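Student: I would like to see how this sequence folds:
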Amino acid sequence: MFVTPGFAQDLPPALDTAHTVEDPSHGGGAFPPFETDTYPSQILWLAITFGLFYLFLKRVVLPRIAGILEVRRDRIAQDLDEAARMKEEADAALAAYEQELAEARRKAGAIAQEARDSAKAEAEAERRRVEEALEARLEEAETRIAEIKAAALSEVDTIAEETAQAIVAELVGGSVDKRTLAAAVKAARH
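Tutor: So this is what the prediction gives:
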């Protein structure tokens, strides 16, 4: 604070810095921890305080900290054991899953092969049935063709005889005996 010389008498005695009087009760010496007269008592109280603090730490604080650390260590060990057990269970479950998956794939392959074999057998049976039906129709058609051919051949002789008779009648102008004509047609065919 800035005090002008004329106003110093108006200030209360505590703020009056111009006239400072030392109080004889304060001792005007050095800082007490640095005074050599009090070293022995300071060292004694330091040793007592340090000893009490050491005992407090040894008997109260350190056992609690050790207990807490032991509980945490046990909990961590339990958690690690539990994690290892769960990992083993997960590995076992994964192995069982993979085994079941392989078994399901094998069964699916077997079912698919069985279905293919069944479909192939059914197709083969259907093919045989169709072939048998076609063979039966073919035999029937061949029989009918043979009958038609035989009928046609039997009529060919008749037609040949009639045609030969017509040609002889046109060319010669007379008629020929039917037996002679039939023998001539037979001889020409063979």
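
Student: what number of residues lie near residue 183?
Tutor: 11 (other CB atoms under 10 Å). Every C-beta, even on glycine, is put in place using the N, C-alpha and C of the backbone.

Student: any idea how far it is from residue 164?
Tutor: Distance of residue 183 to residue 164, given as CB to CB, to the nearest Å: 11 Å.

Student: which secondary structure elements does the least confident helix or strand in the chain by mean pLDDT sit against?
Tutor: Least confident helix or strand of the chain, by mean pLDDT, DSSP states H and E, is helix 178-189 with a mean of 77. In terms of contacts (3 or more CB pairs under 8 Å, 6 or more residues apart in numbering; DSSP states H and E), helix 178-189 is packed against helix 62-171.

Student: gap between the helix it packs on and the chain center?
Tutor: Centroid displacement of helix 62-171 relative to its chain, using CA atoms, centre = their mean, to the nearest Å, is 28 Å.

Student: what angle do it and helix 178-189 make?
Tutor: Counting by axes from the mean of the first three to the mean of the last three CA atoms, to 10 degrees, helix 62-171 lies at 130 degrees to helix 178-189.

Student: can you tell me the SS state at residue 176?
Tutor: Under DSSP: H, G, I helix; E, B strand; the rest coil, residue 176 falls in the coil class.

Student: now for the closest residue to it other than its chain neighbours, how many residues are close by?
Tutor: In space, and not counting its chain neighbours, residue 176 is closest to residue 168: 5.0 Å by CB to CB, 6 or more residues apart in numbering. Residue 168 has 15 neighbours, counted by other CB under 10 Å.

Student: cheers, nothing more for now.
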